[in-house]
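Enquirer: I'd like to go over a predicted model; first the sequence, then the structure.
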Amino acid sequence: MIAPPFFKLASPGLLTALLLLAVCAGAASTSDAKNLKIRKASSRPAATQGPAYASRPEVMRFADDIADRRDLDAQWVRQAIGQARYLPAVARSMQPPASTFTKNWRVYRSRFIDPVRIEAGVKFWQDNQASLARAEAEYGVSADIIVGIIGVETIYGRDTGSFRVLDALVTLAFDFPAAHPRARERSEFFKGEIEQFLTMQKRLDSDPLAPRGSYAGAMGMPQFMPSSWVKYAVDFDGDGKVDLWGSPSDVIGSVANYFKAFNWQPGMATHYPVRFDAATLDMDSLMAPDILPTFSVARFTAKGVVLEGPALQHTGPLALIELLNGDPNNGGSAPTYVAGTENFYAITRYNWSSYYAMAVIELGREVAARVR
């Protein structure tokens, strides 16, 4: 996922997730490079890219380690990683915010619940009804959630990212901004993604310098990170390959498979409306677990949350979800609250953000209302 800086990195694309993340001595000749399925680095304006990583000894040692661990051709790995180029824009995108600000659900929502995405979603649903129905039947994941994810991520394939994936991954593995409080952890994450990406590209006999994606290296319509592609992508159209750029069926099946792996519960609501009983409200306790469903209905209501209708029959844990609407003391309005279920939490496994999850839910509902 491509998200504003205050959201954590997407797990597939979405970790979130995260966050939301050479030509060595004796390098191959042009003919060797062709045989190894690696093309020359494409030329771009100097302002958009820095030097290639071939000159960085620690990067080349890392390439050798990958080759050894994965039983890959060392020259192939060195040449691939060595031709990756530093992307200043990618590094800047991971910088901590320069100043504090208040999140605003209404503004965030307006970026994703708009006529362009809704109309594109209606067409996507109509064009892929059979695949959506089959995914819902086989994986138990609601079609509107699948459609919401793909719409929020890439507007149904219209914007899958323009960064060369290997450039982005290597930049974030070796030049993640040191000012970030989790820089070491994030760097290690992206090193793992490089390893997964190159292993996958070699298995597919594909050029590792060809794929383009997000600033974090997320790929295709659903913006899967390489590790998510390896773990969760499926050949849903049965043509013998997984194509998350050009096969809507594979995209639909892969998103559904991802949610099933993260314990999506068929038929369960994602959230319920709430009110508060001011006399018994214990907001500090309710907010302590953040978005992790923790409270039974009985404990929830005992702490001052008023539930009605179907919410009172819910049998699983709940979380109090807070969506800020700007600073109430500076033109904003009061926060929006809902009771999030385990399915709401499952959506945040795609991107660790309650704002993201709610945008997915509401976009999917808007599209579904126009299709059904």
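Expert: Right, received. Where do you want to start?
Enquirer: from here on, contacts and neighbour counts on C-alpha atoms
Expert: Noted.
Enquirer: and the pLDDT for the residue lying farthest from the centre of the chain?
Expert: In the chain, counting by CA atoms, centre = their mean, A279 sits farthest out from the average C-alpha position, at 40.2 Å. On pLDDT, A279 comes in at 97.
Enquirer: surely it and V306 touch.
Expert: No. Contact criterion CA atoms under 8 Å: A279 and V306 do not qualify, at 11.6 Å.
Enquirer: before we move on, the earlier item: am I right that the residue farthest from the centre of the chain is in a helix?
Expert: No. Read with DSSP: H, G, I helix; E, B strand; the rest coil, A279 is coil and lies in no helix.
Enquirer: contacting residues for D290?
Expert: 319-321 (CA atoms under 8 Å, 6 or more residues apart in numbering).
Enquirer: show me the strands in the stretch 1-150 of the chain, by range?
Expert: Assigned by DSSP state E, counting those that start in this stretch, the stretch 1-150 of the chain shows strands spanning 9-10, 16-18.
Enquirer: which of these has the lowest average pLDDT?
Expert: Of all the strands of the stretch 1-150 of the chain, strand 16-18 has the smallest average pLDDT, which comes to a mean of 38.
Enquirer: shaky segments in the protein?
Expert: Counting by pLDDT under 70, the ranges of the chain that qualify are 1-11, 13-47, 99.
Enquirer: domain boundaries for this protein, per the record?
Expert: 9-96+160-243, 271-340 (automatic domain parsing).
Enquirer: so after the longest helix belonging to the chain, what's the next helix or strand?
Expert: Taking DSSP state H as the assignment, the helix of the chain that covers the most residues is helix 183-203. On the C-terminal side of helix 183-203, the closest following helix or strand by DSSP states H and E is strand 212-213.
Enquirer: adjacent strands (with direction) for that next one?
Expert: In the sheet, strand 212-213 lines up against strand 163-164 (antiparallel) (DSSP bridges).
Enquirer: which element is the nearest residue to I347 once chain neighbours are set aside on?
Expert: Nearest non-adjacent residue to I347, counting by CA to CA, 6 or more residues apart in numbering: A357, 5.5 Å away. If you go by DSSP H and E, A357 is part of helix 354-371.
Enquirer: could you say what helices and strands that helix packs with?
Expert: On a contact count with 3 or more CA pairs under 8 Å, 6 or more residues apart in numbering; DSSP states H and E, helix 354-371 meets helix 105-112, helix 115-127, helix 143-154, strand 319-325, helix 342-348.
Enquirer: how about TSV for these, with distance to F189 and mean neighbour count added?
Expert: Putting the helices and strands packed on helix 354-371 into TSV (distance: least, CA to CA, whole Å; neighbours: other CA atoms under 10 Å) gives the following:
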stretch	distance to F189	mean neighbour count
helix 105-112	27	15
helix 115-127	31	17
helix 143-154	21	25
strand 319-325	28	22
helix 342-348	19	24
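Enquirer: tabulate the ones you listed (a markdown table), appending distance to L172.
Expert: Shown next, in a markdown table, are the helices and strands packed on helix 354-371 (distance: least, CA to CA, whole Å):
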| stretch | distance to L172 |
| --- | --- |
| helix 105-112 | 26 |
| helix 115-127 | 30 |
| helix 143-154 | 21 |
| strand 319-325 | 30 |
| helix 342-348 | 23 |
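Enquirer: what's the closest of these to A218?
Expert: helix 143-154 (10.1 Å; CA to CA).
Enquirer: which ones are touching S227?
Expert: Contacts for S227 (CA under 8 Å, 6+ apart) come out as 12, 193, 196-197.
Enquirer: gap between it and V242?
Expert: As judged by CA to CA, to the nearest Å, S227 and V242 stand 14 Å apart.
Enquirer: what does W352 give?
Expert: Taking CA to CA, one finds W352 at 26 Å from V242.
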